[in-house]
Structure formats: structure tokens, C-alpha cells
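>>> give the three-dimensional model of this entry:
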Amino acid sequence: MKSQFMSGIRLTGTGSAVPSTYLDNHQLSKIVVTSDEWIASRTGIYRRHLLPHKDSLTNIATSAAQKAMMMAGLTPQQLDLIILATSTPDDLFGNASLIQAQLGARQAVAFDLTAACSGFVYSLITAAQFIRTGAYRNVLVIGADVLSRWVDWSDRSTCVLFGDGAGAVVLQANEQDYLLGFQLHTDGTQNHHLNLRYQGQARTLVDGVFIDQGKYQPLKMNGKEIYRFAIQKVPEVIEKALFQADITAAEVDWLLMHQANQRILEAVAARLDIPARKIISNVANYGNTSGASIPLALDEAIRCGQIQPHNTLAIAGFGAGLTWGAAIFKWV
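Model (predicted):
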């Protein structure tokens, strides 16, 4: 039972931003041996947006954040906390502080959270705990990734999948609670199936003193294992979150999952007996944007009127780590 000191949570604003530059499947077939039919039939992806080399993750994340704040009716000075879900920062020490500066949100605490494609769900739940305890009232959660920087563009098993983008939401303390339930999970023993690893290289400094100065390698993924993992674990975690929320899958208006692959979205919905018409999907236009995929799709669905007030959403993220999680909330 909720403590008298805990606060309800309401999602009050959404925003998104993607680079104007995009690469469609026909263009991609000039880079690697593939085809529009091969990519579309296996993934549902037709194009992906790519961040130009002179642009930055900070810029697109800030743009998405500004739109979310405008919808929520919040000024930068009213923000208490900014959480950035990213695995591809401009600065390895963190990007959230740079976004705080660009927004002019000087009173806000800001930090990055890394959980790859589950990062937005992890960040959403982390933000909720700060609100529930009364520590903060107005929280900005951003999901943004630029995986084009880390994809091996000669590897057709991965380069066809990923795109760049950003999405953001504003969470605010509220008398009534619209975050109904959640579940988060991690299994580090499966990390080898999807990673972006540092590879060390020994360097002698002086007198037999060695240090490690290597570099990060391109993203590596075992697609078959990730597919198996997703269609097994994602329905389970959504069911657990629904149980905590005390509602059934039949009461869900929209199923919004990490936009990794259209076949995964459809397979998970089928296992939950959720009709395909309730799946929110924009993977065709953006590909897998990692931590940005859920808030990007959410913003589009709200702004076009697909998601209506008082609709119940089940969201789920899954990816490297391996990590996965789900949350149930009402859009009001």
C-alpha cells in the first residue's frame, strides 16, 4: 500500500527529434550485399535516419526535450531532474549535463543512465522513484542514441537495423497515480549476445610500467539469440507488470515495445493475445534507435491522435546487458 509520503505520477509531455538525413534500403544495398526485399521481409525496416557528422546527440536530445516541456507547460527553471538514457554519448563522462546547459535548466540535477535498448524504461522507473519519495516533482526523461557511430557498415547483419534519434517525456508529481506497475530484469550471463566492447591494447609508459589504451569495437549481435530472448522474456515481463497493475492484457489499449524488429513486435503481441491493431510501430521509418525508440514512437502516436486520453499503455524495452523491463501507465 502506498505510503502517505509517496506521490502519484503523471506523464504530461512528450517530444522527439530525428536527423533529416536518412538512408533507405535501396541506398543501403549500394553499401553492402542486400536488398529492400531482404531487409523489409526480415525486419519491417525501410529506412533509418542518420546523424550528420557535424551534429550531436546533445542537439537532438535537447530538441526532443524542449518539445516535451512545451507540451507539459514547464519552463527549464521548473525542472528538478534530467535523466538521459543513452549508450552513445558525445562525452564518455556523460551528456545529461550538456543538455541541462543547453536547456538552461540550472536548478536540475542531471545524469546519464546506460541500459542500451532498455534504457528508457529503466530511466522512466528510476525517475518515478524520485517522485514517489517526494524528492523531486518535475522530471525530464530523455532517450537518445546515435548508433550509426558504432555500427560496422560492412556487416549487413547489423548495419541494416540501426538508426539515430531522440525522444523525451516529462513526468510530474500528481495526486492520482497513472504509473500502474512495472518490472525490470537483467541477465549478465547473456551479455555476449549483444555488446559494444572495449578492446585493450598494451602501451609501455616507462620502466616496465604498462597501461591499457585501446578503443571500442563496432557493435556485435547474435540476431537469432536476441530474437529468441525477446519473444520469450518480453511477454513474461509485461505479464508481471500487468499483474502488479491489477489489469489484464485485454484491458491494454496500446502495446508499445522497443522498436527492434517488426517480427518481434508481432510475436510478442501474439503471445499476449493482444491484437495486432493495438501494436504501435514506427520501425519501418526509423529502424532500431535503441534508447530513443519507445519515446520517439510514443510522441508520434500521441501527436497524431492515435493514443487518446485515458488510454492504457504497456511499454517494454529489451536489449544489451541483457536487460529488459516493462511499465504500465495511463495517458491522461
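
>>> first-to-last residue distance for stretch 44-62?
Using C-alpha to C-alpha, to the nearest Å, the end-to-end distance of stretch 44-62 comes to 29 Å.

>>> buried residues, it. List them.
For stretch 44-62, burial by neighbour count (16 or more other C-beta atoms under 10 Å) applies to 44-51, 56-62. No exception for glycine: its C-beta is placed from N, CA and C like everyone else's.

>>> secondary structure element for the closest residue to V160 other than its chain neighbours?
Sequence neighbours aside, I39 is the residue nearest to V160 in space, at 4.8 Å (criterion: C-beta to C-beta, 6 or more residues apart in numbering). If you go by DSSP states H and E, I39 is part of helix 36-43.

>>> which is the succeeding secondary structure element to that helix?
As the chain continues past helix 36-43, the following element, by DSSP H and E, is strand 47-49.

>>> and whichever helix or strand comes after that next one, how far from the chain's centre?
Next along the chain after strand 47-49, taking DSSP H and E as the criterion, comes helix 57-72. Mean-position distance between helix 57-72 and its chain equals 15 Å (C-alpha atoms, centre = their mean, to the nearest Å).

>>> from here on, call the first residue 51.
In the new numbering, first residue 51, that becomes helix 107-122.

>>> now tell me what touches helix 107-122 from outside.
62-69, 101, 125-126, 129, 132, 134, 136, 138-140, 145, 148-149, 152-153, 190, 192, 194-196, 214-220, 222, 345-346, 349 (C-beta atoms under 8 Å, 6 or more residues apart in numbering).

>>> which of these fall in strands?
62-67, 132, 134, 190, 192, 194-196, 214-220, 222 (DSSP state E).

>>> tell me the SS of L142?
L142 falls in the coil class when you classify it by DSSP: H, G, I helix; E, B strand; the rest coil.

>>> span of stretch 152-162 from start to end?
Termini of stretch 152-162 sit 15 Å apart (C-alpha to C-alpha).

>>> ah, wrong one, I meant stretch 227-240
Stretch 227-240 has its terminal residues 35 Å apart, counting by C-alpha to C-alpha.

>>> low-confidence bits of the chain, can you list those?
Along the chain, the model assigns pLDDT under 70 to residues 51-56.

>>> quick one: contacts for the most centrally placed residue in the chain?
Central residue of the chain (C-alpha atoms, centre = their mean): G341, 2.3 Å from the mean position. By C-beta under 8 Å, 6+ apart, G341 lies in contact with 135-137, 165-167, 169-170, 173, 193-195.

>>> looking at this, it is in a strand?
No. The assignment for G341, made by three-state DSSP, is helix rather than a strand.

>>> how about the residue in this structure that sits furthest from its center?
Extreme point of the chain relative to centroid (C-alpha atoms, centre = their mean) is D257; 46.5 Å.

>>> can you give me the helices for the protein?
Applying DSSP state H to the chain gives helices spanning 75-78, 86-93, 107-122, 146-153, 169-182, 206-209, 273-295, 312-321, 333-336, 343-353.

>>> how close does A115 get to T108?
10 Å (C-beta to C-beta, to the nearest Å).

>>> same check, this time on R187
Taking C-beta to C-beta, one finds R187 at 25 Å from T108.

>>> what do you get for I132?
Counting by C-beta to C-beta, the gap from I132 to T108 is 12 Å.

>>> and for these two, which residues touch both?
Common neighbours of I132 and T108 (C-beta under 8 Å, 6+ apart) are I149.

>>> now for the closest residue to R353 other than its chain neighbours, how many residues are close by?
Leaving aside its sequence neighbours, R353 sits nearest to T64 (C-beta to C-beta, 6+ apart; 7.6 Å). Counted with other C-beta atoms under 10 Å, the neighbours of T64 add up to 24.
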